[in-house]
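J.: Structure of the sequence below:
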Amino acid sequence: NLSIGSHGSNMAYRDTCLDLDPTYKDRHGRPLMRMTFNWKDNDIKMTQFMKSKIEELAKSMNPDAMASGYKGDGAQYDVRPYQSTHNVGGAIMGVDPKTSAINRHLQSWDCHNVWVMGASAFPQNLQYNPTGAVGGLAYWALDALRKDYLPNPRPLM
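T.: A predicted model of the protein is given here:
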């Protein structure tokens, strides 16, 4: 048996977001997180391109049996089947507080004593696993926190 898989990137779009649901609440009456997202044409086209390359590779191995499953035209995002545990986004890092939640040091624009560590800082996942980049950013942020913020708490730029 042999399995071949692909993992593409999903770009950031202005109409995809996480927010607080106005209808659904937890048992304490707090709003639940709502995700507004669906596959875009580029996501489907990227998947179809990879499908053609992977199937060509698999067929060249002359398998006894072969099965293939990829997103087709009109595919809808569904949270129920496993897709990835390398989700990113939600507190995007940037240089402008109008278009991002945290600065380059992973410090909140709104509350300078709040620091957001993790892949939520990325607008999209550009690789199959963001863990290395997350670790590097955490070191970067903690260095700024220790050297620049703790001696003089303030927004860092």
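
J.: check contacts around the residue lying closest to residue 37 once chain neighbours are set aside.
T.: Computed as Cβ to Cβ, 6 or more residues apart in numbering, the closest residue to residue 37 that is not its neighbour in sequence is residue 16, at 4.7 Å. C-beta here means a position set from N, CA and C on the backbone, and glycine is covered the same way. Going by Cβ atoms under 8 Å, 6 or more residues apart in numbering, residue 16 touches 36-38.

J.: do residue 39 as well
T.: 71, 75-77.

J.: what about the helices in this protein?
T.: Along the chain, the stretches classed as helices by DSSP state H are 41-60, 131-144.

J.: Let me have the ones you listed in a markdown table, extended by distance to residue 119 and mean pLDDT.
T.: Output for the helices of the chain, formatted as a markdown table (distance: least, Cβ to Cβ, whole Å; pLDDT from 0 to 100):
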| stretch | distance to residue 119 | mean pLDDT |
| --- | --- | --- |
| helix 41-60 | 19 | 92 |
| helix 131-144 | 5 | 95 |
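
J.: could I get those helices as a markdown table with mean neighbour count and distance to residue 110?
T.: Listed next are the helices of the chain as a markdown table, based on neighbours: other Cβ atoms under 10 Å; distance: least, Cβ to Cβ, whole Å:
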| stretch | mean neighbour count | distance to residue 110 |
| --- | --- | --- |
| helix 41-60 | 13 | 31 |
| helix 131-144 | 14 | 17 |
